[in-house]
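Asker: task: produce atomic coordinates for the following.
(one chain, ligands or ions: 1)
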Amino acid sequence: MSAAYPLETPFTRQAHIEVPIIGGAMYPCGNPELVAAVSEAGGIGIVQPISLTYVHGHQYREGLQYIKRLTKKPVGMNALIEQSSKMYHERMVKWVEIALEEGIRFFVTSLGNPRWVVERVSREGGVVYHDVTERKWAQKGLDGGVHGLIAVNDRAGGHAGPKSAEQLLAELGDLGVPLICAGGVGDAAEFVRAMQMGYAGVQIGTRFIATPECRASEAYKRAIVESDASRIVLTERITGVPVSVIRTPVIERMGLKAGPIARWMLRGRKTKHWMRTIYALKSLRSLKRASLDEKAEYWQAGKSVDGIERIEPVAVIVRRFAGALEGAGDRGQGAGNDRGQ
Ligand SMILES: Cc1cc2nc3c(=O)[nH]c(=O)nc-3n(C[C@H](O)[C@H](O)[C@H](O)COP(=O)(O)O)c2cc1C
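Answerer: Alright, predicted model coming up:
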């Protein structure tokens with residue numbers, strides 16, 4: 001008898017993987033061993049190029065080759081395509097080119113117009129999924145030819161969206177491409193719930209930080225295990241737009257809103273780009289330091305912390321999630337969660 005909820009979906013077919021789970025791009029937590037572990041477990045790990053090079057110290061191509069030695073299964077790459085400068089755009093074009101040369105065929109785009117990525121990647125038989133927080137951006141992605149959409153909801157780590165997983169499914173469900181749920185999936189029950197709602201897969205960030213494969217500090221991992229959703233707040237102080245973090249004394253001291261000058265600059269059409277660049281450079285440095293430093297208490301995480309009960313290997317997590325989905329009957333009977341309820 002076939003499972004009520006098979007692991008195979010339109011997304012797993014496009015990405016050539018077994019389990020409908022994306023290990024989302026994470027700056028600064030996406031070290032190559034973590035990316036490879038998600039792919040090796042049957043999902044697909046996504047390389048965040050700045051994390052790979054600047055935080056984890058690899059040359060870009062050599063880092064991709066290292067990941068390929070750790071797993072023979074498909075991995076993906078995150079192309080952040082906001083055109084803040086010509087130099088940045090040219091670097092991203094080169095990174096996509098090298099990724100294709102190294103055999104990557106699954107790309108996740110964020111911000112901007114993904115058309116050039118789609119055109120280039122499609123020629124090699126690859127696919128592009130686009131991160132979106134509302135229909136306007138989804139439509140822009142589809143006009144650019146993307147093959148799937150990643151619906152980033154209000155429980156996500158990183159830059160959370162304003163809408164719930166349910167709202168996004170209602171808003172984007174008729175667009176005719178596979179839809180991935182990003183945000184809030186911390187345990188097997190949440191995974192099963194997202195799939196039963198009608199998503200073709202999930203994108204997970206926070207859950208995979210609390211693993212031995214992630215190089216983040218032990219203090220960061222422990223904070224994820226010990227926090228619940230009430231401790232997750234959005235701060236504008238890191239990148240100028242709201243980022244989801246654990247409320248700690250450091251975050252409280254910094255405050256959650258951008259300062260008046262920054263806010264004024266973020267509003268102006270021209271000054272907006274400068275301000276974002278200033279924030280980007282500042283935040284790249286401080287987040288890198290904070291993720292590795294045991295005393296930093298400056299940690300990005302989403303509301304999925306609710307379901308995260310322990311630090312455990314990626315393969316154990318993916319296997320449990322997959323088993324729960326295959327074992328789920330109608331309306332989630334037998335799905336279970338990580339607390340053994
Ligand atoms: C620490 C951290 C860093 C992240 N960095 C990025 C990033 O650089 N680029 C990106 O597209 N998404 C980034 N994200 C978002 C994740 O890829 C993913 O969509 C999100 O974590 C899903 O929500 P969850 O944390 O509840 O699983 C980040 C998330 C976290 C927790």
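
Asker: check which helix or strand covers Leu284.
Answerer: In this structure, Leu284 sits in helix 271-292 according to DSSP states H and E.

Asker: with Met77 instead?
Answerer: According to DSSP H and E, Met77 maps onto strand 76-80.

Asker: for that strand, packing partners?
Answerer: Using 3 or more Cβ pairs under 8 Å, 6 or more residues apart in numbering; DSSP states H and E as the contact definition, the elements that strand 76-80 packs against are strand 44-47, helix 86-101, strand 106-110. Bear in mind the C-beta positions are built from the backbone N, C-alpha and C, glycine included.

Asker: on that earlier part again, give the next helix or strand downstream of the helix holding Leu284.
Answerer: Under the assignment DSSP H and E, the closest C-terminal helix or strand after helix 271-292 is helix 314-327.

Asker: contact partners of that next one?
Answerer: Judged by Cβ atoms under 8 Å, 6 or more residues apart in numbering, the contacts made with helix 314-327 from elsewhere in the structure are 3, 5-7, 18-19, 21, 23, 34, 37-38, 40-43, 188-189, 191-192, 195, 207-208, 211, 213, 334-336, 338.

Asker: that helix: which residues count as buried?
Answerer: Of the residues in helix 314-327, those buried by neighbour count under the rule 16 or more other Cβ atoms under 10 Å are Val314, Ile317, Val318, Arg320, Phe321, Ala322, Ala324, Leu325, Glu326, Gly327.

Asker: for Arg310, see how far away the fourth one is.
Answerer: The reference is to Arg320. Here Arg320 is placed at a distance of 12 Å from Arg310 (Cβ to Cβ, to the nearest Å).

Asker: what does Ser283 give?
Answerer: Distance check for Ser283 against Arg310: by Cβ to Cβ, it reads 29 Å.

Asker: contacting residues for the single nearest residue of the stretch 1-150 of the chain relative to the ligand?
Answerer: With distances taken as Cβ to the nearest ligand atom, the stretch 1-150 of the chain approaches the ligand most closely at Gly24, which sits 2.3 Å away. Neighbour list for Gly24: Ile46, Val108, Gly157, Gly158, Ala182, Gln203, Ile204, Gly205 [criterion: Cβ under 8 Å, 6+ apart].

Asker: and for Met195?
Answerer: Counting by Cβ under 8 Å, 6+ apart, Met195 makes contact with Tyr5, Thr9, Pro20, Gly201, Val202, Leu325.

Asker: cross-check the contact I'm expecting between the second one and Val19.
Answerer: No. Counting by Cβ atoms under 8 Å, Val19 is not a contact partner of Thr9; they are 9.9 Å apart.

Asker: more neighbours: those two, which one.
Answerer: Taking Thr9 and Val19 together and counting by other Cβ atoms under 10 Å, Val19 has the greater number of neighbours (23 against 18).

Asker: which strand or helix spans the more buried one?
Answerer: Val19 belongs to no helix or strand when elements are defined using DSSP H and E.

Asker: that one and Ala41 touch, don't they?
Answerer: Yes. Taking Cβ under 8 Å as the contact criterion, Val19 and Ala41 are neighbours in contact, 7.2 Å apart.

Asker: Gly302 - nearest residue in space that isn't next to it in sequence?
Answerer: Nearest non-adjacent residue to Gly302, counting by Cβ to Cβ, 6 or more residues apart in numbering: Gly157, 3.2 Å away.

Asker: in the stretch 151-300 of the chain, what residue lies closest to the ligand?
Answerer: The nearest approach of the stretch 151-300 of the chain to the ligand comes at Gly205, 2.0 Å away (Cβ to the nearest ligand atom).

Asker: restrict stretch 151-167 to CA atoms and write it as PDB.
Answerer: Output of stretch 151-167 as PDB, limited to C-alpha atoms (Å, rounded to 0.1, in the frame of the first residue of the first chain):
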ATOM      1  CA  ALA A 151       6.800  31.400   0.400                       C
ATOM      2  CA  VAL A 152       8.600  33.000   3.300                       C
ATOM      3  CA  ASN A 153       6.200  33.400   6.200                       C
ATOM      4  CA  ASP A 154       5.900  35.400   9.400                       C
ATOM      5  CA  ARG A 155       7.600  32.600  11.500                       C
ATOM      6  CA  ALA A 156      10.800  32.400   9.400                       C
ATOM      7  CA  GLY A 157      14.300  33.000  10.500                       C
ATOM      8  CA  GLY A 158      16.300  35.600   8.600                       C
ATOM      9  CA  HIS A 159      14.100  38.200   6.900                       C
ATOM     10  CA  ALA A 160      10.600  37.100   7.900                       C
ATOM     11  CA  GLY A 161       7.600  38.000   5.800                       C
ATOM     12  CA  PRO A 162       4.400  39.600   7.000                       C
ATOM     13  CA  LYS A 163       2.000  36.800   6.300                       C
ATOM     14  CA  SER A 164       1.200  33.300   7.700                       C
ATOM     15  CA  ALA A 165       1.900  30.000   5.900                       C
ATOM     16  CA  GLU A 166      -1.900  29.700   5.400                       C
ATOM     17  CA  GLN A 167      -2.300  33.200   4.000                       C
END
